[in-house]
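> predicted model, plus sequence, below.
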Amino acid sequence: MTHDFPDADAPAIQPFTQAFVGMMFAHAAFEHRVSALMNAITGDEGFGERTSLGTADKRPKRMQKLINEHHPDGLPEADAIVACLKRSISFCRSRNLLAHGRWWRFDIEANAITVRPGVARSNQGQHPTLTVADIRHVGTSLKDLEVELWKRQTAIEARGPHHQPAV
């Protein structure tokens, strides 16, 4: 078994590098959106930069807690925000695997990379393989989720940060 990798400038891996960078940019935008959404929920412009909701796995529950603290009578977007964050978990895990795992093997013919995760997770093999299509799907999904959060954020901002729903 070889662990050799192609030259980083090889034209054959360009689809992989484009997919990877696109995924990383999509993840960065998603992270920024979560931060901006926290600002909108709290009414504090810098809140999301000063405070973290932790790992993707913990975010839905911690976001719900943040919403409950700042909107004790409820926030119409709460369920949709939490559901969106739950859907993001698998995509954030895939991104983290690619960004932080040990790259193990690159199959130039299949345009796929095998990565050894640093953290053992249930339902994840020790050497998962992701294709260019898989990586693009992660990026596209994170973009879609970022747009969904943006819609919730703009609805909150349109009402003002501490709007209480009519009873």
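Structure received.

> which residue is nearest the centroid of the chain?
residue 92 (4.1 Å; C-alpha atoms, centre = their mean).

> so what's that one closest to, chain neighbours aside?
Counting by C-beta to C-beta, 6 or more residues apart in numbering, residue 56 is the residue found nearest to residue 92 once chain neighbours are left out, at 3.6 Å. Using the backbone N, CA and C atoms, a C-beta is placed for each residue, glycine as well.

> okay, now that neighbour: neighbour count?
20 (other C-beta atoms under 10 Å).

> residue 160 now?
The local packing of residue 160 (other C-beta under 10 Å) involves 10 other residues.

> just for this structure, where's the confidence low?
1-3, 119-126, 161-167 (pLDDT under 70).

> which parts of this protein are helices?
Under the criterion DSSP state H, the chain contains helices at 14-42, 47-50, 59-70, 78-100, 132-159.

> return the list of helices and strands in contact with the fourth one.
In this case it means helix 78-100. Packing contacts for helix 78-100, counted by 3 or more C-beta pairs under 8 Å, 6 or more residues apart in numbering; DSSP states H and E, involve helix 14-42, helix 59-70, strand 112-116, strand 129-131, helix 132-159.

> can you put those in JSON lines and add mean neighbour count and distance to residue 52?
Output for the helices and strands packed on helix 78-100, formatted as JSON lines (neighbours: other C-beta atoms under 10 Å; distance: least, C-beta to C-beta, whole Å):
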{"stretch": "helix 14-42", "mean neighbour count": "19", "distance to residue 52": "9"}
{"stretch": "helix 59-70", "mean neighbour count": "17", "distance to residue 52": "9"}
{"stretch": "strand 112-116", "mean neighbour count": "19", "distance to residue 52": "25"}
{"stretch": "strand 129-131", "mean neighbour count": "18", "distance to residue 52": "26"}
{"stretch": "helix 132-159", "mean neighbour count": "18", "distance to residue 52": "16"}
